[in-house]
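K.L.:
here is my input; please provide its structure:
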Amino acid sequence: MVVAANAFRANLTTITLDGPTTILVIEGLTLPEAKPEFLEAIGMMGEVKREIPVPVLPLADVLANHLPPGQVIDFMSVDVEGFDLKVLVSNDWELFRPRIVVVEDVEVDPQRSEIVGLMKARGYDVCAQNVIILGKINEYFFIDRSS
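P.N.:
Numbers count the residues shown, from 1 in each chain. Prediction:
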């Protein structure tokens with residue numbers, strides 16, 4: 001059982017950081033930034049029920065706008081369907097420094113992972129790795145060395 005006091009939780013769609021994006025909805029399934037050409041190629045473009053334009057903000061802006069003053073981030077999970085590195089780069093790691101960060105990554109070799117390299121440069125160490133889909137996608141668990 002996990003109990004959190006004064007928890008801050010945000011379910012956000014943060015995809016690219018260079019302007020608005022469109023989320024495509026297919027029978028209740030949301031496809032952030034799926035390209036129409038891709039959906040055409042797999043025969044699913046006709047299944048799109050609606051398109052939702054959404055603004056996109058850097059993670060640092062989202063946290064600055066919505067995190068209560070003085071709130072410590074104990075745990076942050078980043079899972080944005082392949083755009084995880086862009087989201088991590090967009091954070092201000094001096095201002096917003098979670099104690100533990102979990103990130104999905106397609107690179108299962110930590111020595112070759114750009115995400116692992118970025119997080120190490122920001123003062124985090126890999127404390128666990130969970131390969132979740134047949135050696136193709138995994139999660140890295142990072143812990144802040146400075147805390």
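K.L.:
CA only for contacts and neighbour counts going forward, please
P.N.:
Noted.
K.L.:
separation between residue 98 and residue 91?
P.N.:
Distance from residue 98 to residue 91, counting by Cα to Cα, to the nearest Å: 11 Å.
K.L.:
any stretches of this protein with poor pLDDT?
P.N.:
The model of the chain has pLDDT under 70 over residues 1-19, 23, 28-35, 37-38, 42, 81, 135.
K.L.:
in it, which spans are helices?
P.N.:
With DSSP state H, the ranges of helices along the chain come out as 36-41, 59-66, 84-89, 114-121.
K.L.:
ok, for residue 89, nearest residue in space, not its chain neighbours?
P.N.:
Leaving aside its chain neighbours, residue 89 sits nearest to residue 118 (7.8 Å; criterion: Cα to Cα, 6 or more residues apart in numbering).
K.L.:
try residue 61
P.N.:
That would be residue 91: by Cα to Cα, 6+ apart, it lies 8.0 Å from residue 61.
K.L.:
burial check on the one you found, number of neighbours?
P.N.:
For residue 91, the number of neighbouring residues by other Cα atoms under 10 Å comes to 17.
K.L.:
tell me the spacing between the residue of the chain most remote from its centre and residue 24.
P.N.:
Summary for the chain: using Cα atoms, centre = their mean, the residue whose C-alpha lies farthest from the chain's mean C-alpha position is residue 46, with a distance of 28.4 Å. From residue 46 over to residue 24 the distance is 11 Å, taken as Cα to Cα.
K.L.:
could you list the domains of this structure?
P.N.:
Following automatic domain parsing, one gets these domains for the chain: 21-54, 68-144.
K.L.:
among the ones you listed, which comes closest to residue 62?
P.N.:
Minimum separation from residue 62 across these (Cα to Cα) falls at domain 68-144, 9.2 Å.
K.L.:
how long is the closest one from one end to the other?
P.N.:
Using Cα to Cα, one end of domain 68-144 lies 21 Å from the other.
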